[in-house]
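*Asks:* Sequence below, structure please.
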Amino acid sequence: MAPALQELFYQCAGLYLVQLLHRYVLTLFEKLTPAELPFYLGLMAHLSARGVPCPQPVAANDGALFSTLNGKPAAIVSCVPGRDLADVDATHCAKIGALLAEMHIAGQSYAVPMPNPR
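*Replies:* Predicted coordinates for the structure are as follows:
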């Protein structure tokens, strides 16, 4: 997983939401600040719009990709289909490698800068 997305997923708590045919995750960000979220959520939207299978942020009626819930930044994103695999083989690794390449190629056109927070 790309470091930017890895940082996003390690610093949040999620709750699944289900709406008839779609599943979503309500995410409360524990460490990321509202100033940092446009980069991460924008990257997710950018990758998703280019066909990379990653969560798609759900915009509010006003177009905002996040809001505040219980004093913490919160966002709703789509669930990516799939499941955990107990046994992984070389075929699975090749598919992940191809997906990472696709993600890196799609991410090259993402023009929003993010300074290294460390």
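*Asks:* hey, let's count contacts and neighbours off CA atoms from now on
*Replies:* Will do.
*Asks:* before we move on, what SS does residue 40 have?
*Replies:* Following DSSP: H, G, I helix; E, B strand; the rest coil, we place residue 40 in the helix state.
*Asks:* do you know how far it is from residue 114?
*Replies:* Computed as Cα to Cα, to the nearest Å, the residue 40 to residue 114 distance reads 9 Å.
*Asks:* what do you get for residue 77?
*Replies:* Computed as Cα to Cα, the residue 77 to residue 114 distance reads 21 Å.
*Asks:* Look at these two and report which has more neighbours.
*Replies:* residue 77 (25 against 11; other Cα atoms under 10 Å).
*Asks:* Can you classify residue 48 as helix, strand or coil?
*Replies:* helix.
*Asks:* hang on, it packs against residue 56?
*Replies:* Yes. Contact between residue 48 and residue 56 holds when scored by Cα atoms under 8 Å: they sit 5.9 Å apart.
*Asks:* Neighbour count: these two, which is higher?
*Replies:* Between residue 48 and residue 56, counted using other Cα under 10 Å, the more crowded position is residue 56 (23 against 17).
*Asks:* what's the pLDDT at that one?
*Replies:* On pLDDT, residue 56 comes in at 92.
*Asks:* next one: the one 10 residues further on
*Replies:* In this model, residue 66 is scored at 94, pLDDT.
*Asks:* Kindly report the same for residue 18.
*Replies:* The model reports residue 18 with a pLDDT of 58.
*Asks:* go on, residue 4?
*Replies:* For residue 4, the predicted pLDDT is 50.
*Asks:* With the one 10 residues further on instead?
*Replies:* For residue 14, the pLDDT comes out at 54.
*Asks:* so where do the strands sit in the protein?
*Replies:* Secondary structure of the chain (DSSP state E): strands located at 12-19, 22-29, 67-69, 72-78.
*Asks:* for residue 110, what are its contacts?
*Replies:* Taking Cα atoms under 8 Å, 6 or more residues apart in numbering, we find residue 110 in contact with 43, 46.
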